[in-house]
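Visitor: What would the 3D arrangement of this be:
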Amino acid sequence: EQLSFRLPSSIAHSMLFCTDQLNVTLFQLGLTCFYLFLNTLSYHNRDTCIGLIHLNRYRPEIVSMMGMFVNILPCRLRNDDLNQISFIELLRRVQQTFLENVQYAQLPYDELINLYRR
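Guide: Numbering: from 1, shown residues only. Have a look, this model is predicted:
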């Protein structure tokens, strides 16, 4: 069974306007909103890590392939001062964290985890 919902066009247009004005991607904006949602669910938790699927398809001939090229990219955000920063500051922090983590997209998952344990 598939879960679906309707997003009002005014919200969709506002999101697109926000991404243009702040020079972020729609994915980074959505990821920021997801961090806020998780923080609302577990207010006492000040350390959030989200696993993102990264397809690792940098060459055109492997675009249609599945399997070993898919990797999980952990995106960790420590939000000790979440109540004291603006949404735009949080968005910038999420953008920076995401862009820093993408450089490790080709590493095997166990090596990524070892980097986070340091």
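
Visitor: switch to C-alpha atoms for all contacts and neighbour counts from now on
Guide: Will do.

Visitor: Now do the strands in the protein.
Guide: Using DSSP state E, the strands of the chain run over residues 47-54, 71-78.

Visitor: Can you give me the buried ones in stretch 74-89?
Guide: For stretch 74-89, burial by neighbour count (16 or more other Cα atoms under 10 Å) applies to 74-77, 79.

Visitor: How about the contacts made by residue 13?
Guide: By Cα atoms under 8 Å, 6 or more residues apart in numbering, the contact list for residue 13 is empty.

Visitor: Run through the protein and note the low-pLDDT ranges.
Guide: Low-confidence segments of the chain (pLDDT under 70): 55-70, 107-109, 112, 116, 118.

Visitor: Excluding chain neighbours, what is closest to the spatially most central residue of it?
Guide: What sits nearest the mean C-alpha location of the chain, by Cα atoms, centre = their mean, is residue 31, with 4.2 Å. Using Cα to Cα, 6 or more residues apart in numbering and skipping the chain neighbours, the partner closest in space to residue 31 is residue 94 (7.5 Å).
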